[in-house]
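S.K.: here is the input, now give the coordinates:
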Amino acid sequence: MTAIKSTTKEAAVKKTVKAKAPVESVKSGSVLDLAVFDQAGKEVSKISLPKEVFGLKVNADLVSQTVTAQMANSRESIAHSKDRSEVRGGGKKPWKQKGTGRARHASIRSPLWAGGGATFGPRKERNFSLSINKKMKRQALKMVLSGKASDGEIIILESLKLAQPKTREMAVIINKLASGAKKELNRGVMIILSQKDEAVLRAARNLPKVAMIGVGSLNVVDLLSTKYLVISSEAVEKIKAMYQAK
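M.R.: Below you'll find the model as predicted:
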């Protein structure tokens, strides 16, 4: 749902990757138990997260490689200089070939002339993309989720429903959730939804440091660009189905 293009965010993400040293698995068992909160910020139940997705050992090099590839693939080549064939004018020979005492020239749009075409300048056809294996991207994504779980930066929300797309209502929910989970969500939070909810999107888009993303759009750059992840119960089940068996 979001597009990452700024160099500032790229630097912040890479700094986060370097700061996260490889850690051991979150728990020795096969699952990780986390509390589930409702919209009022009260703990209502527990949920078991699979170790295969949320309990991996983090490989910082793999995560960094995935971040670099994603940032490069989202980079737009906008710098473009005109060569002599693209510069306007210069169709007429400036003076005859011989007899003037001056150097011979065929066009005033030659790179030798002021206002002429550029030689070896930047071109918009330049390709910055990098390739990375699908399995590596999937593994890096699971490692980021595991790192968030290890650092206590994942909050499970039972459900997120709004009667009206009001920013005030969403702000109240975020504040109550922060109080109940005892987390500083004002440092940045990304809400992961199982499916698109227009009311929730409209209510959250004006809140500072609050981002929304769907399960199908999960990527390492967006996950690392925010401090906390708020995942709905339905989204957790979808993440399990997508990543646990593969």
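S.K.: mind exporting the C-alpha coordinates of stretch 150-170 to CSV?
M.R.: Provided in CSV are the C-alpha atoms of stretch 150-170 (Å, rounded to 0.1, in the frame of the first residue of the first chain):
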residue,chain,number,x,y,z
SER,A,150,12.0,-10.8,20.0
ASP,A,151,12.1,-7.1,20.8
GLY,A,152,8.5,-7.0,22.0
GLU,A,153,7.5,-4.7,19.2
ILE,A,154,4.4,-6.8,18.0
ILE,A,155,1.0,-6.1,19.4
ILE,A,156,-1.9,-8.4,18.5
LEU,A,157,-5.3,-6.7,18.1
GLU,A,158,-8.4,-8.8,18.3
SER,A,159,-10.2,-6.8,15.6
LEU,A,160,-10.3,-3.3,14.2
LYS,A,161,-13.8,-2.1,13.3
LEU,A,162,-15.0,1.5,13.0
ALA,A,163,-18.5,2.6,12.8
GLN,A,164,-17.5,5.7,11.0
PRO,A,165,-14.2,6.7,9.3
LYS,A,166,-13.3,9.3,12.0
THR,A,167,-9.7,10.2,12.8
ARG,A,168,-10.7,10.9,16.4
GLU,A,169,-11.9,7.4,16.9
MET,A,170,-8.8,5.9,15.5
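S.K.: show me how far it is from its chain's centre.
M.R.: 20 Å (CA atoms, centre = their mean, to the nearest Å).
S.K.: buried set for it?
M.R.: Ser150, Glu153, Ile154, Ile155, Ile156, Leu157, Glu158, Leu160, Leu162, Pro165, Glu169, Met170 (16 or more other CB atoms under 10 Å). Quick note: C-beta positions are derived from backbone N, CA and C, even for glycine.
S.K.: can you redo the residues you listed as a markdown table with pLDDT, secondary structure and distance to Ala79?
M.R.: As requested, those are exported to a markdown table (pLDDT from 0 to 100; DSSP: H, G, I helix; E, B strand; the rest coil; distance: CB to CB, whole Å):
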| residue | pLDDT | secondary structure | distance to Ala79 |
| --- | --- | --- | --- |
| Ser150 | 91 | helix | 41 |
| Glu153 | 94 | coil | 37 |
| Ile154 | 95 | strand | 40 |
| Ile155 | 95 | strand | 42 |
| Ile156 | 95 | strand | 45 |
| Leu157 | 94 | strand | 43 |
| Glu158 | 92 | coil | 49 |
| Leu160 | 90 | coil | 42 |
| Leu162 | 89 | coil | 43 |
| Pro165 | 90 | coil | 40 |
| Glu169 | 93 | helix | 44 |
| Met170 | 93 | helix | 40 |
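S.K.: dump these into JSON lines; add distance to Glu52 as well.
M.R.: Formatted as JSON lines, the buried residues of stretch 150-170 follow (distance: CB to CB, whole Å):
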{"residue": "Ser150", "distance to Glu52": "15"}
{"residue": "Glu153", "distance to Glu52": "19"}
{"residue": "Ile154", "distance to Glu52": "16"}
{"residue": "Ile155", "distance to Glu52": "21"}
{"residue": "Ile156", "distance to Glu52": "17"}
{"residue": "Leu157", "distance to Glu52": "22"}
{"residue": "Glu158", "distance to Glu52": "23"}
{"residue": "Leu160", "distance to Glu52": "26"}
{"residue": "Leu162", "distance to Glu52": "33"}
{"residue": "Pro165", "distance to Glu52": "36"}
{"residue": "Glu169", "distance to Glu52": "36"}
{"residue": "Met170", "distance to Glu52": "33"}
